[in-house]
Each structure stands twice: as structure tokens, then as C-alpha cells.
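1. Generate coordinates for the sequence data below:
(one chain, ligands or ions: 1)
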Amino acid sequence: LQPTPLSGGAAPTALSYELFPPRNETASASLWATIRELETTNPDYVSVTYGASGSNRDTAVELLHRLLSETTLRPLAHLTCVGNTAEELAGIISELLDHGVRGILALRGDLPKDASGAPKRGSLTYAQDLIELVRRVEQRRSALLCAGRVAIGVAAYPAKHPESPSIEHDVEVLLAKQRSGADFAITQVFFHADQYKSLVARARRAGVSIPIIPGVMPLTSLRRVQRLGELTGVEPAPALLDALGRADDSAASRRIGVAATVDLARAALDAGAPGIHLYTFNEHAAALEVLDKLQLLRPGRPAVARRTPSPQLVQA
Ligand code: FAD
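-> Residues are numbered from 1 along each chain as shown. Now for the predicted structure:
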């Protein structure tokens, strides 16, 4: 599951997608059409988000289970600290491993925006604590099951985490996550490739050796870019906002946004990024257009045989 870092240009560029659990039947049907399209590109894994409050736990687990049983895709399960107690999380981790999940993205989650602003009583404080919990649960189980090592991913921030005092502090936190057992990092969205390059350079100087995969979102509309800025606290590039704002229609806006995304991803890859993680928003068209323009949909990504035929395929 762990992405392979580039070595002398010979290793393949790692490719992954982020999905979120659907909120209703219509969203589920559309997500599954997306999943089937993404599956043909044979990604290294697809990640499934987890609400900070833990409220979508059942739909997240169900999606992970279906990905494992009905597709050839390898899921990476996001998990967050704030909405669950440590005991609840240990139970969820065991359940995921029982289902066959072999990769976990260990996150703290955003703190609740209500008056309390406080995480649930008994919850873990930092993502680092969750990494350690995953390793403990894994250790207890592997003594019984001889199971392989779980891959643990973590978040990294090219434009500084909003609560962090400095980029230096972010790098210290990333190093601490590596020491606790993280295998790779995926970045928060960013709008300037220099921020990604600078994070990687600082991290390497500090002793972080795990792959740091740039997280890239197709920036297809002004509304999406603005919303992204609000959600993540990452300031969108003014030039991009300006260009999207001047677009005549949605097709023009999409063209501008996709071109900007391609430029950003290409600059990160040129700087040595070991792969690309695409935040898809559960839509495949823009994600695949970006990959096509990056020439990452190459024949060297053969589709692998399905583990289990899906019910639809059996019926067909
Ligand atoms: P941490 O690494 O714990 O950091 C949180 C804050 O605490 C930071 O300011 C950090 O500097 C500080 N800190 C950390 N450790 C220490 C320490 N030992 N001492 C002092 N300070 C410390 N959110 C969701 O709710 N669900 C998702 O599915 C989800 N997926 C994401 C996927 C990616 C790739 C990324 C980049 C983010 C995702 N997020 C998700 C958002 C994430 O939960 C937030 O950014 C959250 O605010 C921080 O999470 P973290 O794992 O980076 O936390």
C-alpha cells in the first residue's frame, strides 16, 4: 500500500484518490459510477474520509467494506481522534482490520466549531496518539493472526496548519508522527508549488524520510476554490481567483481550473514528488482529465483482475 518513492526516474508515480462516504442513495449511485471509472486507472489506493465527529462511521465502514469485496481497489481508511474515545477507536481499528483494510490515514480531525470547541471526553489529543494506538492494536492482533504490517499515512501542511505557530513546528510534528510509526504523508491542498517544495526540503533537513505525497484538488470553479479556502484555512492564489472570476461560463472556468491544477501537480512532480493524491469530490471527470494531461494514465497501469465479481457484473 505504501507509495513507492521515485528513484532515478525508474519507479512509477504513485496515484491515489480521495472519496467521501455518500449521504444518500442518489449520491451512492453516482459515487459508484465514479469508483468504476477510477478503478480502470489502477490506482495504488483510494482513501475514504471519516467525519471528525465520527457521525458517518457506519457509511464509511460500509464503503470500505464494499471497496474490498466488490472492486480491485485497495482502500485507505481515514480515522480521526476528536469524535471518538480511545476505546471506541481501538474497536473501529479492529473492525477495519477484520474487514481486510491494510492502510489507515491517522488524523486528529478538525475541532468542533460549536461553542465548546472541545473534542469528545476521553478522545486522543493528536494524530500521533492515533498512530500509536493503531500500532498497539496491530501488535495485539498480529500475534494471533500473523497479519502483515498496516500502512499508516498522516497529514502534512505545505501552507502551515491553521492552529500551528509556525512551519518549523509543523515539521517537528511530522517528524514526531514518523517516529511514532507513520509510513507516508499526504499534504493538505496548496496553491503554490513552492510551498510543497519548501515543506519537503525542511522536512528532509529535519530527518523526515517518509514519502510526502502532494494532495491536489481539481480546481474547477470559483465557488469550489473559495469553499476549499474556507474549509482548510489555506489562502487561494489571488491570480487563480481572478481568472476563475472572469471566466465567461462554467466550461471556461473548468478549463482554467484544470489547467491550474495540472500546472501545480506538474511542478510538484518536477520537484521530485513521489506521486499524486487527487481529492476527487466523488467526481471522476475532472480528476481523470488532470491525470490525462499529466500523462499519468499510461498503459503501464494495467487493470488487474477483479478479486470478486460485483453483483452487477454477474447479472450482466
Ligand atoms: P495533528 O497532527 O494532531 O495536528 C493538529 C494540531 O496540533 C497542529 O496544529 C499541530 O501543529 C499540533 N500538534 C500536533 N502534535 C503536537 C504535539 N505533539 N505537541 C504540540 N502540538 C502538536 N479531517 C477529517 O475530519 N476527516 C478526514 O477524513 C480528513 N482527511 C484529511 C486528509 C488529508 C490528506 C489532510 C491533509 C487532512 C484531512 N483532514 C480530515 C483534516 C485534518 O483532520 C485537520 O487538518 C486537523 O485540523 C489536523 O489533523 P492532523 O492529523 O494534522 O492533526
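
2. Run through the stretch 201-316 of the chain and note the low-pLDDT ranges.
-> The stretch 201-316 of the chain contains residues with pLDDT under 70 at 298-316.

3. Return the nearest residue of it with respect to the ligand.
-> Per CB to the nearest ligand atom, Gly215 is where the stretch 201-316 of the chain lies closest to the ligand, at 5.0 Å. All C-beta spots, glycine's among them, are computed from the backbone N, C-alpha and C.

4. Test my guess that that residue contacts Thr187.
-> Yes. Using CB atoms under 8 Å, Gly215 is in contact with Thr187, at 4.7 Å.

5. between the two, what contacts are shared?
-> Shared contacts of Gly215 and Thr187, defined by CB atoms under 8 Å, 6 or more residues apart in numbering, are found at His277.

6. can you map out the strands along the stretch 1-150 of the chain?
-> Counting by DSSP state E, counting those that start in this stretch, one finds strands in the stretch 1-150 of the chain at the ranges 14-19, 45-48, 75-80, 103-107.

7. got the contact list for the third one?
-> Just to be clear, that refers to strand 75-80. 1, 16, 45-52, 54, 60, 63-64, 67-68, 89, 92-93, 96, 101, 103-109, 130, 134, 151, 153.

8. Only whichever of those are buried, select them in ChimeraX.
-> Typed into ChimeraX, the line below selects the buried ones among the contacts of strand 75-80, using 16 or more other CB atoms under 10 Å:
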select :1,16,45,46,47,48,49,50,51,52,54,60,63,64,67,68,89,92,93,96,101,103,104,105,106,107,108,109,130,134,151,153
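
9. Let's have the strands of the stretch 1-150 of the chain in TSV, adding mean pLDDT and distance to Arg121.
-> Formatted as TSV, the strands of the stretch 1-150 of the chain follow (pLDDT from 0 to 100; distance: least, CB to CB, whole Å):
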stretch	mean pLDDT	distance to Arg121
strand 14-19	97	30
strand 45-48	98	27
strand 75-80	98	16
strand 103-107	98	19
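
10. what residues does the stretch 51-200 of the chain put near the ligand?
-> 51-52, 78, 80, 105, 107-110, 126-128, 155, 161, 163-164, 169-170, 173, 176, 186, 188 (CB under 6 Å from any ligand atom).

11. Can you report how many residues neighbour Ala86?
-> 14 (other CB atoms under 10 Å).

12. for Asp248, same thing?
-> Neighbours around Asp248, by other CB under 10 Å: 7.

13. for the biggest helix by length in the chain, which positions count as buried?
-> In the chain, assigned by DSSP state H, the helix with the most residues is helix 250-270. Judged by neighbour count using 16+ other CB under 10 Å, the buried positions of helix 250-270 are 253-254, 256-258, 260-262, 264-269.

14. swap in stretch 174-194?
-> Buried, per 16+ other CB under 10 Å, within stretch 174-194: 174-178, 180-191, 193.

15. can you list the residues that contact stretch 227-239?
-> 159, 162, 188-192, 217, 219, 225-226.

16. which residue packs closest to Leu240, ignoring adjacent ones?
-> Ala260 (5.4 Å; CB to CB, 6 or more residues apart in numbering).

17. Report pLDDT for Ala185.
-> Listed pLDDT for Ala185 reads 98.

18. same check, this time on Thr4
-> Confidence score, pLDDT, at Thr4: 42.

19. ok now do the residue nearest to Glu172 when sequence neighbours are not counted, which residues does it touch?
-> Excluding the flanking residues, the one nearest Glu172 by CB to CB, 6+ apart is Ala206, at 7.1 Å. Counting by CB under 8 Å, 6+ apart, Ala206 makes contact with 171-172, 174-175.
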